[in-house]
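S.K.: how does the following fold in three dimensions:
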Amino acid sequence: MGILSQSQELGEHLMSRAIILRRGVIGVHTQDAINVTRGSGPRALTGLLPTIGMLRAVKLKQIRPAEYLTEYRKRLESCNPTFWTELVQRCAYRAGLERKGTVYITCYCPEGADHCHAEVLIDYMIESCPCGVRFCREAKETGSSIPNLSYLNT
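M.R.: Presented below is the predicted three-dimensional model:
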């Protein structure tokens, strides 16, 4: 069974549960992570990533970090549902692999960066992901200390 078939099954099971999202750093979090960088992230998620123009503008200080993040949020709001479905399937698969329901959304930004798109992506997924799966930042937000994912072992 391929990764997407497994992810679809896991996604269906997770519809009534929350997946915990945490911001991670590439190279530190690996198996339980989804890389969301333009250069090294999966092509299937390209529509959810900042454009090259957005990245260049913030790097060259042509726009302020706040403007960059606002533009990125607009990109997420208008994104094709196919990209959201792909991301949710990957999250469901990763959450099932780790068995704790936690997925790290990784990028190269240092901790506390004022222009981290991964943080915006996590916030957007928690607030309004259009695929029906619930996301949160901490286990306490799910109503229990760790989501019960024991059903994924079958």
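S.K.: what about the helices in the protein?
M.R.: 3-14, 52-59, 65-77, 81-98, 117-128 (DSSP state H).
S.K.: who does the longest strand anywhere in the chain pair up with?
M.R.: Criterion DSSP state E: the longest strand present in the chain is strand 18-25. Strand 18-25 sits in its sheet next to strand 102-107 (parallel), strand 134-136 (parallel), going by DSSP bridges.
S.K.: now it and helix 81-98, what's the angle there?
M.R.: For strand 18-25 against helix 81-98, the angle by axes from the mean of the first three to the mean of the last three CA atoms, to 10 degrees is 90 degrees.
S.K.: what comes up buried for strand 18-25?
M.R.: Across strand 18-25, burial judged by 16 or more other CB atoms under 10 Å covers A18, I19, I20, L21, R22, R23, G24. (Glycine included, C-beta is placed from N, CA and C.)
S.K.: next one: stretch 77-90 to chain centre, how far?
M.R.: Distance, stretch centre to chain centre, for stretch 77-90: 10 Å (CA atoms, centre = their mean, to the nearest Å).
S.K.: rewinding a little: can I get the helices of the chain in TSV with mean neighbour count and distance to V28?
M.R.: Listed next are the helices of the chain as TSV, based on neighbours: other CB atoms under 10 Å; distance: least, CB to CB, whole Å:
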stretch	mean neighbour count	distance to V28
helix 3-14	17	22
helix 52-59	15	22
helix 65-77	16	23
helix 81-98	20	15
helix 117-128	19	13
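S.K.: and these: which comes nearest D32?
M.R.: Between D32 and the helices of the chain, the tightest spacing by CB to CB is seen for helix 81-98, at 4.4 Å.
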